[in-house]
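*Asks:* Just a sequence and a predicted model for now, questions to come.
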Amino acid sequence: MSTTTGTATAAEAPSPAPERLSWPPLIALSLGYFLVMLDVTVVTVAVPVIRGSVHAGASEMAWVVDGYSAVFGGLLLMGGGFGDRLGHRKVFLTGLGFFAVASVGCALATTPAALIASRLAQGAGGALLVPTSLALLTAAYPATAVRAKALGVWAGISGIAFAAGPLVGGLLVAGLNWRAAFWLNVPVALLGVWLTLRYVPAPAGRAGARGLDPLGQVLGIVAVLALAGMLNEAGAQGWTSPVVLGAGALGVLALALFVLAERRTETRGDAEKPPLLPMSLFRSPGFSSTAAVGILLNLGYYGMLYLSTLYLQNERGYDALGAGLALLPTVCMAVVAAPLSGRLTARYGPYVPMTAALLLGAAGFVGWLLAGPDTSYWLLLPALIATGLATPSTVPAATAAIVQAAPAQNAGVASAVFNVARQIGNSLGVALFASLTAGRQLVSGLHLSALIASAAFLAAALLALSSWRNAKARAAA
């Protein structure tokens, strides 16, 4: 009892700004993000085995793979709002517990319905984890330079988890079975809970819960889920399918109503019933452009990651584990790139490393034009390394930029906006590039997609460069 009381008392007191990076809080908060990002891709290589095990059809397996990401993206704003209103530490711990229980459900599932329900529950838990982990990290490292380094490690671990998912899944399926991919989450989540309770303080100033904007939550969830559904189905059914067009119309309508509702709620100015997403954030210098960078970044990188996996397996004959190993260079780059980006961000601000990384990625995607039916893997290695360096270098810098652009009380919502933008980019990139390869040879579709990915990174670099110039002009004024 005394230990618990002491922990709670310490958690409520503001902690001094550390001059050096303290590792235990960073490990605790990174573990949650690691689990969320790993489970986005870990099941992709196990689809044939899972399908046979639970006797699932093609559409049911699509929900197993894509439903997780759709719910995760759809509920991110709600997770950020809950954290800002109810306390980030409390919501983060709830998300870890929810994710662990849902992972047990996935591991024990024997029917498609049970597996789908558990995967959707995992997505909901992840939506509570990601924005609150960033808000807690921001509070735990108030010193700008230390925070930038912490963001680099945090973002790097998540990038490794996302890109390593196919390799981890392949290893677990080859050595054990597909259920091991979900059992793995449980001890990691429990470790995260223990470290959080012991080392992560709750930010001060959470006197109690405020209104939670139910109308904004419903409209936001419908908008993101409908648009994600449109993008997910477009690759399989075509962009002119009634289902795709209907989902798109519903998403646009819900998004328009969401903006109107949030603007009205913010204009009303009721401190007890704040908007889920204050529209004034998008007028903050650098906020809108950084959110757009998130979309373009994930559109290019993860769209091409999806196509490169297809290329290695379908065109070059690699098995799931072989494809994961072949993509390992792009994963390993995050180990170096993200911490380096954190240090550069601490020294030069977010826009210099962001712009440089995006330009490197734009050049790297051009290297995929060398890909052919018999191209040597070593000729593609520079493209893998360049894009693998660019993406995890951009994420911590962009995260720092969007958090700096928002008021401190909206840190959770700001991080949620950036992650929603990235999830939209994921869905858009995979759907767009899949549709480009559907009606033509895989290699020609890969080449066209590489050019689009390069253009997306170049556009993002121009946005970052513009924000950098505007920031310098404001500082000089």
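*Replies:* Cool, got the structure.
*Asks:* what's the helix or strand containing Ala459 packed up against?
*Replies:* If you go by DSSP states H and E, Ala459 is part of helix 442-476. Packing partners of helix 442-476 (3 or more Cβ pairs under 8 Å, 6 or more residues apart in numbering; DSSP states H and E): helix 287-310, helix 351-366, helix 377-405, helix 411-438. Quick note: C-beta positions are derived from backbone N, CA and C, even for glycine.
*Asks:* Let me know the angle separating that helix from helix 377-405.
*Replies:* 30 degrees (axes from the mean of the first three to the mean of the last three Cα atoms, to 10 degrees).
*Asks:* got the angle for helix 442-476 vs helix 411-438?
*Replies:* 150 degrees.
*Asks:* tell me the mean pLDDT over helix 442-476?
*Replies:* Helix 442-476 comes out with an average pLDDT of 86.
*Asks:* got a list of what the spatially most central residue of the chain touches?
*Replies:* The residue lying closest to the centre of the chain (Cα atoms, centre = their mean) is Asn419, at 5.0 Å. Shown in contact with Asn419 (Cβ atoms under 8 Å, 6 or more residues apart in numbering): Gly73, Leu76, Val130, Pro131, Gly294.
*Asks:* go again using 7 Å as the cut-off
*Replies:* Counting by Cβ atoms under 7 Å, 6 or more residues apart in numbering, Asn419 touches Leu76, Val130, Pro131.
*Asks:* Throw these into TSV and include secondary structure and distance to Thr110, thanks.
*Replies:* TSV is the format used below for those (DSSP: H, G, I helix; E, B strand; the rest coil; distance: Cβ to Cβ, whole Å):
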residue	secondary structure	distance to Thr110
Leu76	helix	30
Val130	helix	30
Pro131	helix	33
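*Asks:* from the residues you listed, which single one is nearest Val395?
*Replies:* For these, the residue nearest Val395 by Cβ to Cβ is Val130; the value is 12.2 Å.
*Asks:* so how far is Arg469 from that closest one?
*Replies:* Taken as Cβ to Cβ, to the nearest Å, the spacing of Val130 relative to Arg469 amounts to 30 Å.
*Asks:* More neighbours: which of these two?
*Replies:* For Val130 and Arg469, the more surrounded residue by other Cβ atoms under 10 Å is Val130, and the numbers stand at 29 against 11.
*Asks:* Which parts of the stretch 51-200 of the chain are helices?
*Replies:* With helices called from DSSP state H, counting those that start in this stretch, the stretch 51-200 of the chain shows them at 58-86, 88-108, 112-140, 144-175, 180-183, 185-199.
*Asks:* contacts for the fifth one?
*Replies:* Looking back up the chat, that one is helix 180-183. Val42, Val43, Ala46, Ser103, Cys106, Ala107, Gly169, Leu172.
*Asks:* now swap in stretch 336-351 and tell me
*Replies:* 144-145, 148-149, 151-153, 155-156, 159, 352-353, 357, 389, 392-393, 395-398, 400-401, 464, 467-468, 471.
*Asks:* thought Leu35 was touching Leu190?
*Replies:* No: counting by Cβ atoms under 7 Å, Leu35 stays clear of Leu190, with 11.1 Å between them.
*Asks:* who's more crowded, the two?
*Replies:* Between Leu35 and Leu190, counted using other Cβ under 10 Å, the more crowded position is Leu35 (27 against 14).
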